[in-house]
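**Student:** Sequence first, predicted coordinates after that:
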Amino acid sequence: MEPFDFVEIKVPAKAEYIGVVRLSISGIANRMGFTYEDIEDLKVAISEAITNAVKHGYNETGEGEITIGFGVYDDRLEVMVADHGGSFNLGDIKQDIGPYKQDDNIEELREGGFGLFLIDALMDKVEINSKYGVIVLMTKYLHEAEVGQNGDQISTSQ
Amino acid sequence: MNLTIDVTNKENVAYVVLSGEVDAFTAPKLKDALLPLTKEEGQTVEVDLHNVNYMDSTGLGVFISALKSTKEYNTELKLVQMQERVYRLFKITGLTEIMNIDSTVQGGMQ
């Protein structure tokens, strides 16, 4: 198995902690050598995933926890956002996950929720597992800079 | 990680100066401040985003609501001095097509 560092944090499922997680991902991505632009993309993507978890996972009651996992690899950062408090097993989650399709949650998009759309546009790969609560697994590769802005649009649907 | 909202009125224009971050935590506050301004007929609401260094879809949602409200109450919404990063989100989501966004974007447009 490919070596990687794993960082896990848990925050209460409340909107006021989204900014705290943004600072965390910014620190990790900066340490890995991501560009300023990529770090900004990561901040938006993780915020969108947590916003979804806060809004839908707990109906904004502010109860419960959100678990965030960062898989730090040589060439990429994997970010997991789970709308439940339990720690997760990386291998299990990956087995159950499927690609995110543009048509998923279209109702939500129409209601003005651009969240998943933005995650898909800003990250290189997005997968969702909804077997135990909802887990979003998103990946961003280092060295995407050469591909430029259009490269961000490649994504998951192939 | 907060948002300050300053509103000043001059004739038929409400100038809204935002400073800080717009996310799920601060967006409700922005919505509460912005929507009533769009309901005063004949008014132009000009939002200065010069000091907004972070925004996500929750902010886009607020501006969509505000835009809908301007159509209903015959008012106008203008977004000015947007930073390039923030502008990019409007562009990716196609909102640049329907929003009145001042073209002098901070840091140059792509």
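**Tutor:** Noted; the coordinates are in hand.
**Student:** How about the contacts made by B:Leu95?
**Tutor:** Counting by C-beta atoms under 8 Å, 6 or more residues apart in numbering or on different chains, B:Leu95 makes contact with B:Leu60, B:Phe63, B:Ile64. In short, each C-beta sits where N, CA and C put it, glycine included.
**Student:** Alongside chain A, which residues does chain B contribute?
**Tutor:** The interface of chain B toward chain A, taken as C-beta under 8 Å from any C-beta of the partner chain, is made up of B:1, B:21, B:23-25, B:54, B:56-58, B:60-61, B:64-65, B:85, B:89, B:92-93, B:110.
**Student:** again, only using 7 Å
**Tutor:** By C-beta under 7 Å from any C-beta of the partner chain, the residues of chain B that approach chain A are B:1, B:21, B:23-25, B:54, B:56-58, B:60-61, B:64, B:85, B:89, B:92-93, B:110.
**Student:** Which of these fall within helices?
**Tutor:** B:Ser57, B:Thr58, B:Leu60, B:Gly61, B:Ile64, B:Arg85, B:Leu89, B:Ile92 (DSSP state H).
**Student:** who's in contact with the third one?
**Tutor:** With contact taken as C-beta atoms under 7 Å, 6 or more residues apart in numbering or on different chains, B:Leu60 is in contact with A:Phe114, B:Leu89, B:Thr93, B:Leu95.
**Student:** Save those as TSV, and put in pLDDT too.
**Tutor:** Below are these laid out as TSV (pLDDT from 0 to 100):
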residue	pLDDT
A:Phe114	81
B:Leu89	93
B:Thr93	87
B:Leu95	86
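**Student:** helix/strand/coil for the nearest residue to B:Asn74 once chain neighbours are set aside?
**Tutor:** Nearest non-adjacent residue to B:Asn74, counting by C-beta to C-beta, 6 or more residues apart in numbering or on different chains: B:Glu41, 5.4 Å away. When classified by DSSP: H, G, I helix; E, B strand; the rest coil, B:Glu41 comes out as coil.
**Student:** Now do the buried residues in stretch A:119-139.
**Tutor:** Residues A:119-129, A:133-139 are the ones in stretch A:119-139 that count as buried (16 or more other C-beta atoms under 10 Å in any protein chain shown).
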